[in-house]
Each structure stands twice: as structure tokens, then as C-alpha cells.
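Trainee: all I have is the shape, not the residue letters:
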């Protein structure tokens with residue numbers, strides 16, 4: 001199966017990506033079928049071969065989630081939504097839902113203007129009056 005994905009090049013701590021098409025299970029640093037563009041994440045500069053990308057998608061090639069989001073951002077591909085790149089495991093999702101449930105059960109205390117003066121009178125200490 002063919003996939004359009006990133007191939008990282010560039011120096012350490014200064015990435016630069018090629019957008020390539022290759023077999024899904026092959027290494028991105030190895031040989032690829034075709035170079036479809038470049039992306040520099042520091043300057044946000046992107047160069048695409050739009051015709052070739054549409055050709056490969058038409059043939060049935062998949063697009064990785066990160067590349068898909070980049071293509072949608074630069075309007076190479078028309079889509080309503082971007083894909084979610086970070087995958088949350090079922091175990092982590094259950095843990096997060098347990099944390100959210102106690103917060104949802106706590107209701108904020110509602111105070112109205114009518115009860116506010118009564119509460120302040122109750123909380124004020126009694127004044128002592130001395131008779132002379």
C-alpha cells in the first residue's frame with residue numbers, strides 16, 4: 001500500500017521535511033517512488049506538486065495524518081475537518097473520564113441578592129451594650 005508521508009531531513013534540532021510517496025512499511029530514509037514537495041516548520045514554507053498529489057490520491061494512495069492536515073491547511077486538499085494526530089489509548093481515555101466526572105458532579109453555589117444581607121447579619125458577632 002502506498003502512503004504519502006514526511007521524510008525528515010536537516011540538521012539536529014532543525015528539521016526539514018520532504019513529502020514523499022513510498023510503500024507504507026518501508027523506511028522513509030530509504031528509496032521512495034516520488035518526491036511530492038517540501039515543508040519547513042520554522043518558516044512555515046511549503047512547496048507542493050499539487051497535480052502529482054491529486055494523481056496519487058486518485059490512484060488510491062493513503063495520506064498520513066500529519067501530511068493530510070498540512071495539505072488541508074494549505075488548501076491543496078479540500079476537507080471540512082483535519083484529522084486527529086494524537087491517539088489516546090482506551091486506558092488513558094478511561095482515566096481522563098474518571099477525572100472529569102467528579103468535576104461535573106460539583107455544582108457551583110448560587111447566591112442571590114435576597115440571601116446575601118441575611119447571611120451577613122448572621123455572621124456578624126453580637127454587639128455588647130453596656131448600661132451605665
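Mentor: Cool, got the structure. Since this is a predicted model, take the numbers as computed values, not measurements.
Trainee: which pLDDT value belongs to the nearest residue to residue 74 once chain neighbours are set aside?
Mentor: Leaving out its chain neighbours, the residue that sits closest to residue 74 by C-beta to C-beta, 6 or more residues apart in numbering is residue 46, at 5.5 Å. To be clear about C-beta, it is placed using only N, CA and C from the backbone, and glycine gets the same treatment. As predicted, residue 46 sits at a pLDDT of 94.
Trainee: list the contacts of stretch 68-82.
Mentor: Residues outside stretch 68-82 that contact it (C-beta atoms under 8 Å, 6 or more residues apart in numbering): 19, 39, 46, 48, 50, 53, 57, 63, 83, 85.
Trainee: any chance of JSON lines for those, columns neighbour count?
Mentor: Below are the contacts of stretch 68-82 laid out as JSON lines (neighbours: other C-beta atoms under 10 Å):
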{"residue": "19", "neighbour count": "25"}
{"residue": "39", "neighbour count": "20"}
{"residue": "46", "neighbour count": "17"}
{"residue": "48", "neighbour count": "17"}
{"residue": "50", "neighbour count": "14"}
{"residue": "53", "neighbour count": "22"}
{"residue": "57", "neighbour count": "18"}
{"residue": "63", "neighbour count": "21"}
{"residue": "83", "neighbour count": "13"}
{"residue": "85", "neighbour count": "10"}
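Trainee: can you list the residues that contact the longest helix seen in the chain?
Mentor: Taking DSSP state H as the assignment, the helix of the chain that covers the most residues is helix 90-105. Residues from elsewhere that reach helix 90-105 (C-beta under 8 Å, 6+ apart): residue 88.
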